[in-house]
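> need a structure here:
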Amino acid sequence: MSQDLPNFGSITVASPVGVALRDRQEARRGATPGDVLKRGFDVTAAAALCLALLPLLLTIVVLQWYSGSALFYRHRRIGRDGNPFDCLKFQTMRPDADAVLASLLAADPALRAEWHMAQKLRDDPRVTRVGRFLRATSLDELPQLLNVLRGEMSLVGPRPVVQAELEEFYGEEGLNAYCSVRPGITGLWQVSGRSDIGYAERVRLDIRYVQSRSFVLDLRILCQTVRVVLSCRGAC
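Numbering: from 1, shown residues only. This is a model prediction of the structure:
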């Protein structure tokens, strides 16, 4: 079983969304003092968390090894300025998850509607037993600390989404807001109900965060995240 870290090489977005967002990237100016503060905090806190949580991370690695699952799952997500990156998680699904999902959605209109609304299934049969525990406790997100250290993500921001979600759900205002910041490990959506709220509300929360973002708001969201994770609220 291979446990190699994924290749983080740069890939160009060729779709209309990616092409349109290149203008944003070329027009960006130098970082503001707030950007510098946020990035410095991200790097310092992510490095400290990696060290502090090392025993827990090693325990998860052992559990994954005994369960026969791959260690990491990487999925292409869209980051700041429309740049794609490999978002890391601990693997929580069976190897044939994509085929199982396609079969489920084709056979069950109710599941198809649930997936269309939230891009998630509350009782997802693709998730392994270890994966259910990791998801319920949000421990499956811990590898994204590596994404933060690489500069692809922030501790706080809109949750990373795939290109198809941007095109289908976000609209112009949501697209501009989402792509103006780094996606986050946690954010307003995470502390406002996660899977308990619909996708349209998720987009509104992303826009609200970008319009009102500050270092103080980030600290508040991080504190609320601890409470939400401990309560397993909205996790699936």
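> for this structure, which spans come out with low pLDDT?
1-30, 118, 195, 232-236 (pLDDT under 70).
> Which parts of it are helices?
16-27, 33-52, 54-67, 97-107, 109-118, 129-136, 144-149, 163-165, 171-178, 199-212, 215-231 (DSSP state H).
> got the ones you listed as TSV, with distance to Gly157 columns?
All C-beta spots, glycine's among them, are computed from the backbone N, C-alpha and C. Output for the helices of the chain, formatted as TSV (distance: least, Cβ to Cβ, whole Å):
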stretch	distance to Gly157
helix 16-27	16
helix 33-52	9
helix 54-67	22
helix 97-107	26
helix 109-118	19
helix 129-136	20
helix 144-149	10
helix 163-165	15
helix 171-178	9
helix 199-212	7
helix 215-231	9
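> Of those, flag the one that's most buried.
Neighbour counts (mean count of other Cβ atoms under 10 Å) averaged over each of the helices of the chain peak at helix 144-149, with a mean of 21.
> Mind giving me the packing neighbours of that one?
helix 33-52, strand 84-90, strand 184-186 (3 or more Cβ pairs under 8 Å, 6 or more residues apart in numbering; DSSP states H and E).
> Which strands or helices does the longest one pack on?
Judged by 3+ Cβ pairs under 8 Å, 6+ apart, helix 33-52 is in contact with helix 144-149, strand 154-156, helix 215-231.
> make it 10 Å
Under the contact criterion of 3 or more Cβ pairs under 10 Å, 6 or more residues apart in numbering; DSSP states H and E, helix 33-52 touches helix 144-149, strand 154-156, strand 184-186, helix 215-231.
> and if you look at the last one?
Other elements packing on strand 184-186 under the criterion 3+ Cβ pairs under 10 Å, 6+ apart are helix 33-52, helix 144-149, strand 154-156, helix 215-231.
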